[in-house]
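> Turn this into a structure:
(2 chains)
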Protein chains: 2
Amino acid sequence: MAAGHSILLCFFLFFFEIQIAAKNQKEALDALYKAKFFRNSNAADSSGFFVRNEVADQITDVLPTVEIHDQTGRKQQDKIERLPGQPPRVSLSQYGGYVTVNKTAGRAFYYYFVESPRNKTSLPLLLWLNGGPGCSSLAYGAMAELGPFRARSDGKTLFQNDLSWARVANVLFLESPTGVGFSYSNTTSDYQSNGDKSTAIDNYAFLVNWLERFPEYKDRDFYISGESYAGHYVPQLAHVILSHNKNAGKTIVNLKGIIIGNAVINDETDEIGMYDFFATHALIADRTSKDIKKYCNFSPNTTTQNLKCIKTMKIVEGNTNMIDIYNIYYPICGNKSLTDQPKKATVMNYDPCTDYYTHAYLNRAEVQRAMHANVTKLAYRWTPCSNVINNWSDSASTVIPLLREFMDNGLRVWIFSGDIDGRVPITSSKYSIASMKLPVKKSWYPWFVQHEVGGYAEEYEGGLTLATVRGAGHEVPSFQPIRALVLITHFLKGTPLSTFSSS
Amino acid sequence: MAAGHSILLCFFLFFFEIQIAAKNQKEALDALYKAKFFRNSNAADSSGFFVRNEVADQITDVLPTVEIHDQTGRKQQDKIERLPGQPPRVSLSQYGGYVTVNKTAGRAFYYYFVESPRNKTSLPLLLWLNGGPGCSSLAYGAMAELGPFRARSDGKTLFQNDLSWARVANVLFLESPTGVGFSYSNTTSDYQSNGDKSTAIDNYAFLVNWLERFPEYKDRDFYISGESYAGHYVPQLAHVILSHNKNAGKTIVNLKGIIIGNAVINDETDEIGMYDFFATHALIADRTSKDIKKYCNFSPNTTTQNLKCIKTMKIVEGNTNMIDIYNIYYPICGNKSLTDQPKKATVMNYDPCTDYYTHAYLNRAEVQRAMHANVTKLAYRWTPCSNVINNWSDSASTVIPLLREFMDNGLRVWIFSGDIDGRVPITSSKYSIASMKLPVKKSWYPWFVQHEVGGYAEEYEGGLTLATVRGAGHEVPSFQPIRALVLITHFLKGTPLSTFSSS
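Numbering: from 1, shown residues only, chains lettered A, B, ... in the order given. Predicted coordinates:
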């Protein structure tokens, strides 16, 4: 009994630490997973990151009316002339600013939009969302993964990512929901009432108003992409779009498909997949993984976990907390300090300290001015993942019913996975898809980029494709920018991944 | 039936190709594995790489007498003044030459020996063996993994490996058996009669004669290391040493321990482990791995495999033959050509084309002269893995009884594994050790190098340690030279791997 208490005590302390230091994707997602997993146990009560409800596909049982605000002249105001420290001779149009999603509450979401330097009028519109919950699409998507620039180690200057997805799409990065990055609300309680449902509704409100501001994109082919907990955001927003289109009897938003990477899809298979990945990748002992499955209950209906489960999870924690499980083979950031002179940086060598450079860069007053960000002077600094969100109203235990809905409605649905991510690993994605019991259309095959296997893919009846990206961690374009660009190009074009090494 | 035939035909062709092109470790080991797996089936009959017998721990049921030859003055003759193209200001003693292992037949094995630049008189003697069968310790161990130099892309010059194991030991590289690298026999039939047993006996004859030539090492602590199929050579040689010591009632060779990496240990668990690794690392579909286990029989007593097994193996082959399964995330060699000017090369960035540079370098007449190699002018060129061996007399289905013998005799026994090798993966090593049912002394834990997790380890009662090297492929020191050096340092000192990240 005494031993049991001390284990629980350790667990509380551990949780508390996550709550106050939630600054990166790992910690944010861990906090949510654990809060959900222990949601009615004592451990969860003290976690601070409290998840109240789970809903599956009832994401919008009541479809709210969306306020459309006048956006006249706003687009031009949002034009970013040039980002401070931006390299010379870069020709692309960038925009940044706020879109009000709820006027009464004073909720406004920050976006950053990059038009493709070439063929912007014919290329599709691609929305990118990061997860967390609480992590910024500016921090990860734009500045560490697929955007046109990355911050250098001086925290002041940028270097170009010539493998940006802006080569093949006009890319819209959204900081969502309230409390993420520069996005805010004037109603304090909004910071504590975020959840899947409100996020989907606010994201939709953002989108239709943004399209008012950029009306030339209203009829453009539209795709939603994202990673990690955006495995919830992306399909949930897509569902709201489909519902509104259906209700209105016309195409309000011209949604053609979704693509989600290392995505939270189905809690039970996601969790089991993670422990299986740890064991098969020699991070934990096989017996530990067996104990986890023996003592822990991953069913979404479970409300308590026994002490043996908690004890075994502590062993897992001890085995994995010194590596970056978001890329199990990558070095961790050794020195978070900025350097006077920027270090040599290329997009082909992802710097594990990128978060810190971005943090410094986006907190510079001149940068925020140039980006039309933080215009209300928030009481807190911009952080990659939110420090002000520690409550989550609702989190579906699965989004599989939504994926089925999209397939039934002819949307393109791709699930991709950087295959060395341990947090939402390929194992989880495979298990989640297997649970759908879809007939296989084209069985597991290697796909190629530049004479190398870029990854593997499998296609299913009904329009779902699973694609791995070989040698990529959780943030796929950070670690394998060429393979990621080829992947998104094929997704957007609707062409199959190349099965020939000569391509 | 027609379909069945065409599958078998494909298989024959595939085997034939391996036989004539066996040039690297992958192909050599594959050929052996497959020849053993299909040994009494039609497929094996046409493989060319024919394995006649399996023996387990009867490696030396009859202990042959070893000829000791006069080695007077030979050490000085073997001194290598300087390797052509060697960088300036390198202070270490190198030796290279032949040791006759059977005078009657005219069998002589080539060795390359590097004395530690510092403390050579107190540091242990470490023998390194590569596997194959048929692969050269000069090609891999010395010139691509742990030796003091690596060939540059011009095929003429060398750069220094300052993470060579010669920092912590006097390292002896042996090309074995007959037909490997520069090692030869004047009796042609010897090239076709190699096997585990004769290799162990010849290696022992090499060793005692080498110690006559270098008598200052006779009483030195002696360790045997190796990788891949040296999982057979290392314990089999150790067994012969122990047997001779026992027979003589004195220490002839002062053997203290063995260490084997990504090692062939136990056919059944090795094979199952490989397919499990493929599936869990998303190289093949889960259903393919299930089919393999359903249709193939990995028991060492099996003599045939059914067509469904062969068909499923073809699927595995199609999924994996375009990546280097010896490091599943590494680029493959894109351009085998030498360059006029040597490319920038560092030991921290392993060049996947290293084999080709080594091949060019070691075939230069001036290099062979300097190294006292190929003195008899062989009819074939030096190759990383032998093209003249295509028959293997005997291959144990397991070396586990030998490992048990060493533990009973107080030898240090370490098994290590680069955790991203797919050929003899960590999964295989875990399964093989699990089959020994040893009590766990210290459960699975991360070990550290320079504030990073270098890998994981588990210690067992009886003196066996399993250690993984994180982010390393089959040739561990090629991919993770720092971690490999720390690992061998701890092994040689008999000190536990560091469990603190501050070390």
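> CA atoms for contacts and neighbours, from now on please.
Will do.
> The residue in the stretch 401-503 of chain A positioned nearest to chain B - how many residues pack around it?
Distance from chain B to each residue of the stretch 401-503 of chain A (C-alpha to the nearest C-alpha) is smallest for A:Gly471, at 5.3 Å. For A:Gly471, the neighbour count with other C-alpha atoms under 10 Å in any protein chain shown is 20.
> Apart from its chain neighbours, what residue comes closest to it?
Excluding its sequence neighbours, the residue lying closest to A:Gly471 (C-alpha to C-alpha, 6 or more residues apart in numbering or on different chains) is B:Tyr329, at 5.3 Å.
> What of A:Val440?
Nearest residue to A:Val440, sequence neighbours excluded (C-alpha to C-alpha, 6+ apart): A:Tyr460, at 4.4 Å.
> beta partners for the one you found?
A:Val440, A:Leu464 (DSSP bridges).
> so who does it touch?
Counting by C-alpha atoms under 8 Å, 6 or more residues apart in numbering or on different chains, A:Tyr460 makes contact with A:438-442.
> Show me what residue of the stretch 251-400 of chain A gets nearest to chain B.
The minimum distance from the stretch 251-400 of chain A to chain B, using C-alpha to the nearest C-alpha, falls at A:Tyr329 (5.3 Å).
> all strands of the stretch 1-150 of chain A, in order?
A:50-53, A:79-80, A:94-102, A:107-114, A:125-129, A:149-151 (DSSP state E, counting those that start in this stretch).
> now do the stretch 201-350 of chain A
Using DSSP E, counting those that start in this stretch, strands in the stretch 201-350 of chain A cover A:222-227, A:255-261.
> Quick one: the ones you listed as a markdown table, columns for distance to B:Trp128 and mean neighbour count too.
Listed next are those as a markdown table, based on distance: least, C-alpha to C-alpha, whole Å; neighbours: other C-alpha atoms under 10 Å in any protein chain shown:
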| stretch | distance to B:Trp128 | mean neighbour count |
| --- | --- | --- |
| strand A:222-227 | 46 | 25 |
| strand A:255-261 | 44 | 24 |
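> Please list all residues in contact with the most centrally placed residue in chain A.
By C-alpha atoms, centre = their mean, chain A has its centre lying nearest to A:Asn130, at 2.5 Å. A:Asn130 makes contacts with A:136-137, A:140-141, A:226-230, as judged by C-alpha under 8 Å, 6+ apart.
> try it again with 7 Å
Taking C-alpha atoms under 7 Å, 6 or more residues apart in numbering or on different chains as the contact definition, A:Asn130 lies against A:136-137, A:140-141, A:226-228, A:230.
> Just put these in a markdown table and tack on pLDDT and distance to chain B.
Output for those, formatted as a markdown table (pLDDT from 0 to 100; distance: C-alpha to the nearest C-alpha, whole Å):
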| residue | pLDDT | distance to chain B |
| --- | --- | --- |
| A:Ser136 | 96 | 27 |
| A:Ser137 | 97 | 28 |
| A:Tyr140 | 97 | 23 |
| A:Gly141 | 97 | 24 |
| A:Gly226 | 98 | 21 |
| A:Glu227 | 97 | 19 |
| A:Ser228 | 96 | 19 |
| A:Ala230 | 97 | 23 |
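> From those residues, keep the buried residues only.
For those, a neighbour count by 16 or more other C-alpha atoms under 10 Å in any protein chain shown gives the buried set as A:136-137, A:140-141, A:226-228, A:230.
> Flag every residue of the stretch 351-500 of chain A that's near chain B.
By the rule C-alpha under 7 Å from any C-alpha of the partner chain, the part of the stretch 351-500 of chain A lying against chain B is A:444-446, A:453, A:456, A:470-471.
> Let me see the domain layout of chain A.
Chain A breaks down by the TED database into domains covering A:25-42+A:270-321, A:74-263+A:328-493.
> if we can go back for a sec, pretty sure the residue of the stretch 401-503 of chain A closest to chain B sits in a helix.
No - checked against DSSP: H, G, I helix; E, B strand; the rest coil, A:Gly471 lies outside a helix; its state is coil.
> surely it meets A:Asp419?
Yes - assessed by C-alpha atoms under 7 Å, A:Gly471 is found in contact with A:Asp419 at 6.0 Å.
> pLDDT wise, what is the nearest residue in space to A:Asn209 that is not next to it in sequence at?
Sequence neighbours aside, A:Ile68 is the residue nearest to A:Asn209 in space, at 5.8 Å (criterion: C-alpha to C-alpha, 6+ apart). A:Ile68 is assigned 93 on the pLDDT scale.
> hang on, isn't A:Ile68 packed against A:Trp210?
No - the criterion here is C-alpha under 7 Å, and A:Ile68 misses it with A:Trp210 at 9.6 Å.
> Name the residue in those two with the higher neighbour count.
Counted by other C-alpha under 10 Å, A:Ile68 and A:Trp210 do not tie: A:Trp210 has more neighbours, with 24 against 16.
> if I look at the more buried one, how far off is A:Ser225?
Distance of A:Trp210 to A:Ser225, computed by C-alpha to C-alpha, to the nearest Å: 17 Å.
> and what of A:Val347?
Per C-alpha to C-alpha, A:Val347 is found 21 Å from A:Ser225.
> One more: A:Asn203?
13 Å.
> Also A:Ala105?
A:Ala105 is 28 Å from A:Ser225, by C-alpha to C-alpha.
> do A:Tyr112 as well
Taken as C-alpha to C-alpha, the span from A:Tyr112 to A:Ser225 is 15 Å.
> same question, A:Asn306
In terms of C-alpha to C-alpha, A:Asn306 sits 37 Å off from A:Ser225.
> what do you get for A:Asp202?
Distance from A:Asp202 to A:Ser225, by C-alpha to C-alpha: 17 Å.
> same thing with A:Gln305?
Separation of A:Gln305 from A:Ser225 (C-alpha to C-alpha): 34 Å.
> A:Pro177 now?
Distance, A:Pro177 to A:Ser225, using C-alpha to C-alpha: 16 Å.
> coming back round to it: need the phi and psi values for the residue of the stretch 401-503 of chain A closest to chain B.
phi 70, psi 20 (degrees, to the nearest 10).
> go on, A:Ala434?
When read as degrees, to the nearest 10, the backbone of A:Ala434 gives phi -60, psi -30.
> mind checking pLDDT for it?
Taking A:Ala434 on its own, its pLDDT is 97.
> so A:Lys75 sits right up against A:Leu211, yeah?
No - between A:Lys75 and A:Leu211 there is no contact under C-alpha under 7 Å: 10.2 Å.
> Can you pull the poorly scored residue ranges out of chain A?
For chain A, the stretches flagged by pLDDT under 70 are A:1-26, A:37-62, A:502-503.
> how about a cut-off of 80?
Chain A contains residues with pLDDT under 80 at A:1-64, A:301, A:303, A:501-503.
> ok, now how distant is A:Leu307 from A:Tyr329?
Distance from A:Leu307 to A:Tyr329, by C-alpha to C-alpha: 31 Å.
> Those two - which one has more neighbours?
The neighbour comparison of A:Leu307 against A:Tyr329 (other C-alpha under 10 Å) goes to A:Tyr329, with 23 against 15.
> That concludes my questions; thank you for your assistance.
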